[in-house]
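Undergrad: Quick one: sequence and predicted model below, then my questions.
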Amino acid sequence: MEIKEQIRNRLTSLTPRKFNNGFVREAAVLMPIFKADSEYHMLLTRRTEDVQTHKGQISFPGGMREEKETLLETALRETYEEVGIGNGRVEPLGRFHDYISITEYRVTPFVGFVRSPFETKRQVTEVAEILHVPFRVFLDPNNLRVERNKHPGREPDVYFYSHENHEIWGLTARIIKDFFETLNLKL
């Protein structure tokens, strides 16, 4: 079975963790996956130094929910705004667990398969770089580092993935780690 179908099936049977309180705003992100050179990848962005928060960090395309918008619509809109991939290229596969960010936002990830061929166009004030990270990077335990978090009442561990000259860490790394552990994909 193709990875895309494994992901869809596992997300369909998953009861995602949802937070109804304990946050100040709602945000949604897209976990864009695609196949290139016979290998599955995840598309991530490196934020510019000009954005208000999380300067220079690696993240998923996404952002704040606007009025009357569903969370999936938020994730798709933000993906188009940040990296230029329109809804017509993205096949939503399902919703993953909610997370509370260090800035007290509820972040809801959606997994979407990006149909090839596709082009990206970064939003230059928000996105410094678009990364295509092979799944194997996240599945290799040598690429994962764990540090104890010093913030009382927060998650005890902070995860870091190394990919080329980049370090993927914080909430993005936590979501990726949970995603691969929860779905237990067979490559």
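TA: Everything's here; your move. Note that the coordinates shown come from a computational prediction; the quantities given were computed from them, not determined experimentally.
Undergrad: tell me which residues of stretch 174-187 are tucked away?
TA: Neighbour-count burial for stretch 174-187 flags 175, 176, 177, 178, 179, 183, 185 (criterion: 16 or more other C-beta atoms under 10 Å). To be clear about C-beta, it is placed using only N, CA and C from the backbone, and glycine gets the same treatment.
Undergrad: so what's the fourth one up against?
TA: To tie it back to what came earlier, the one meant is residue 178. Counting by C-beta atoms under 8 Å, 6 or more residues apart in numbering, residue 178 makes contact with 96, 97.
Undergrad: any idea how far it is from residue 18?
TA: 15 Å (C-beta to C-beta, to the nearest Å).
Undergrad: helices and strands of the protein: which one bottoms out on pLDDT?
TA: Across the helices and strands of the chain, mean confidence by mean pLDDT, DSSP states H and E is lowest for strand 144-148: a mean of 87.
Undergrad: Of the buried residues of stretch 174-187, which one scores lowest on pLDDT?
TA: Least confident entry in the buried residues of stretch 174-187, by pLDDT: residue 185, with 80.
Undergrad: Can you report how many residues neighbour residue 44?
TA: Residues lying near residue 44 (other C-beta atoms under 10 Å) number 23.
Undergrad: next one: the helix or strand harbouring it to chain centre, how far?
TA: Assigning secondary structure by DSSP states H and E places residue 44 in strand 39-47. Strand 39-47 has its C-alpha centroid displaced from the chain centroid by 8 Å (C-alpha atoms, centre = their mean, to the nearest Å).
Undergrad: quick one: average confidence on the helix or strand just after that strand?
TA: Along the chain past strand 39-47, the next helix or strand (assigned with DSSP H and E) turns out to be strand 58-59. In this model, strand 58-59 has an average pLDDT of 94.
Undergrad: Partner strands of the strand holding residue 44, with direction?
TA: Sheet partners assigned to strand 39-47 using DSSP bridges are listed as strand 25-36 (antiparallel), strand 58-59 (antiparallel), strand 127-134 (antiparallel).
Undergrad: dump the residue contacts of residue 164.
TA: Residues near residue 164 by C-beta under 8 Å, 6+ apart: none.
Undergrad: Dump the strand holding residue 44 to PDB, restricted to CA.
TA: What follows is the C-alpha trace of strand 39-47 in PDB, where atoms were taken according to Å, rounded to 0.1, in the frame of the first residue of the first chain:
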ATOM      1  CA  GLU A  39      10.900   8.800  -2.100                       C
ATOM      2  CA  TYR A  40       8.400  10.600   0.200                       C
ATOM      3  CA  HIS A  41       9.300  14.000   1.500                       C
ATOM      4  CA  MET A  42       7.800  16.600   3.900                       C
ATOM      5  CA  LEU A  43       7.800  20.300   2.900                       C
ATOM      6  CA  LEU A  44       8.900  22.700   5.600                       C
ATOM      7  CA  THR A  45       9.800  26.400   5.700                       C
ATOM      8  CA  ARG A  46      12.500  28.300   7.400                       C
ATOM      9  CA  ARG A  47      11.100  31.500   8.700                       C
END
